[in-house]
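[1] give me a 3D structure for the following:
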Amino acid sequence: MNHTPSPKPMHASRITISQLMQPEHANFHGNVHGGWIMKLVDEAGALACMRHAQHRVVTIAIDQMVFRQPIRIGDLIVLKAEVTYAGRTSLEAEVQVVAENPITGEQVHTNTAYLVYVALDSDGNATEVPCLIAKTPDDEERMQEAEKRQMHRLAQKKK
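    This is a model prediction of the structure:
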């Protein structure tokens, strides 16, 4: 049975993950290892996409990831992810990363990443995902920007 999934608003995919950064997450400089942050970003993006698609997803692309500020051991890393683009079988998730001092409450935005996933059915084949609905002008603008990024990715793929 092949039916088109019902459209969903952007905010329905929103997830937040928080994790205290421990010494085992450290690099040689005593900050959180960038690879650990990338792993958490990928997990957050995947969860938002799974929430939207209601299917398993696999990562197919990660746009550049720029670390603006270090995250320190003892910080609470807060990742907020949301689907910003939905194609036929692919989805883009925007993941915001914030480092929070759990004692003072001070928060620093460390980076934003855009990741692309493909939804898979139970046989491991790409499957249709629900369309994305903009509920606010901000949602509409973010969806338009995401569509531009996706068009750019597809153009790069053809080269």
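[2] for the most centrally placed residue in the chain, which residues are in contact?
    Residue closest to the mean C-alpha point of the chain, counted by C-alpha atoms, centre = their mean, is G45 at 2.8 Å. Shown in contact with G45 (C-beta atoms under 8 Å, 6 or more residues apart in numbering): 59, 81, 93, 95, 113, 115, 117. Backbone N, C-alpha and C define where each C-beta goes, glycine included.
[3] now with 7 Å?
    81, 93, 95, 115, 117 (C-beta atoms under 7 Å, 6 or more residues apart in numbering).
[4] again with I77
    Contacts for I77 (C-beta under 7 Å, 6+ apart) come out as 18-19, 21, 40, 71, 97, 99.
[5] in helices, which of these appear?
    Counting by DSSP state H, those place L40 in helices.
[6] and the buried ones among the contacts of I77, selectable in ChimeraX?
    Applying 16 or more other C-beta atoms under 10 Å to those, the buried members can be selected in ChimeraX as follows:
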select :21,40,71,97,99
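[7] any chance of the contacts of I77 in TSV, plus pLDDT and distance to G34?
    Below are the contacts of I77 laid out as TSV (pLDDT from 0 to 100; distance: C-beta to C-beta, whole Å):
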residue	pLDDT	distance to G34
S18	97	19
Q19	96	15
M21	96	12
L40	97	11
I71	96	9
V97	98	11
A99	97	13
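[8] ok, so of the contacts of I77, who is nearest M65?
    For the contacts of I77, the residue nearest M65 by C-beta to C-beta is V97; the value is 9.2 Å.
[9] ok, that closest one - contacts?
    For V97, the contact set (C-beta under 7 Å, 6+ apart) comprises 37, 41, 77, 79, 110-111.
[10] out of those residues, name the ones that lie in strands.
    77, 79, 110-111 (DSSP state E).
[11] looking at this, the residue nearest to the centre of the chain is in a helix?
    Yes - under DSSP: H, G, I helix; E, B strand; the rest coil, G45 falls within a helix.
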